[in-house]
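Asks: mind looking at a prediction? Sequence and model below.
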Amino acid sequence: MYRPFKTVELENGVVLLVAVPGFGGRIISLIDKRSDREWLAQGNPPAEQATECSVFGGDVAAGWDECLPTVAIAVDPVDPCRQLRDHGDVWGRPTEVELDGDCLALASAVDHWRYQFGRTIRLDDASLRVDYWIENRSTRDLPFLWVMHALLDLEPGASLHVRQVERVSLSYSAGSDLIAPAELAWPLAQTVKASWT
């Protein structure tokens, strides 16, 4: 349990993944069962009544969330009299879930912008595959920013391997010599040039 929310588990002999459908489909745990290694930063669930106006931070900042159509509070490009909430429409809101063997499907419908967003998570031995989709149900173009927002619990000396990536954008940094915002070389985090100036 992720009180007051119920959880669902996707598991095989190697990986255990725990999701919270009632809180935007947040993944709160990703464990390598061979070593009992938890890969996601842990935190506390927000109060159920606070999810609509919650701000991402403090002990609520944990796990793996999906941010859409924004990451931070911003003016709504569809309705300039309205603000988009911190971490977007999907974060913290109930998500439909379907669990079928080694596959977990999560989907969210957003009424204001009239779109549906979903992901399917599959386990294949020690690998995790995530397929995303979005469907615009509106008659207008919908500009959006999407972020797979996972807070990893990496120990000193850890390395993270991402295929076919040469550069990344740094938007926030705490406890390091890297100054955000910046564009960084990957996999060695060295500043290439300042960005978003």
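Replies: Everything's here; your move. Note that this is a predicted model, so its numbers are computed, not measured.
Asks: residue contacts, Ala126?
Replies: Residues near Ala126 by C-beta atoms under 8 Å, 6 or more residues apart in numbering: Val14, Val15, Asp32, Arg34. In short, each C-beta sits where N, CA and C put it, glycine included.
Asks: His149 pairs with what?
Replies: Beta-bridge pairing for His149 (DSSP bridges): Asp65.
Asks: these two touch, right, it and Leu68?
Replies: No. In this structure His149 lies outside contact range of Leu68 using C-beta atoms under 8 Å: 9.8 Å.
Asks: how about Val147, nearest residue that isn't a chain neighbour?
Replies: Counting by C-beta to C-beta, 6 or more residues apart in numbering, Val147 lies nearest to Cys67, which is 4.2 Å off, once chain neighbours are set aside.
Asks: no no, His112
Replies: Asp89 is the one closest to His112 (C-beta to C-beta, 6+ apart), at 7.1 Å.
Asks: who are the contact partners of the one you found?
Replies: Leu68, Pro69, Ser108, Val110, His112, Trp113.
Asks: please report the distance of it from Asp76.
Replies: Going from Asp89 to Asp76 by C-beta to C-beta, to the nearest Å gives 10 Å.
Asks: same thing with Ala126?
Replies: From Ala126 to Asp76 the distance is 41 Å (C-beta to C-beta).
Asks: same deal with Asp111?
Replies: 13 Å.
Asks: neighbour count winner among those two?
Replies: Asp76 (15 against 8; other C-beta atoms under 10 Å).
Asks: out of the contacts of Ala126, which is nearest to Pro46?
Replies: Pro46 lies nearest to Val15 out of the contacts of Ala126, by C-beta to C-beta, at 26.3 Å.
Asks: residue contacts, that closest one?
Replies: By C-beta under 8 Å, 6+ apart, the residues touching Val15 are Leu30, Ile31, Asp32, Lys33, Leu123, Ala126, Leu128.
Asks: what's the burial count for the last one?
Replies: Okay, so that is Leu128. Neighbours of Leu128 (other C-beta under 10 Å): 16.
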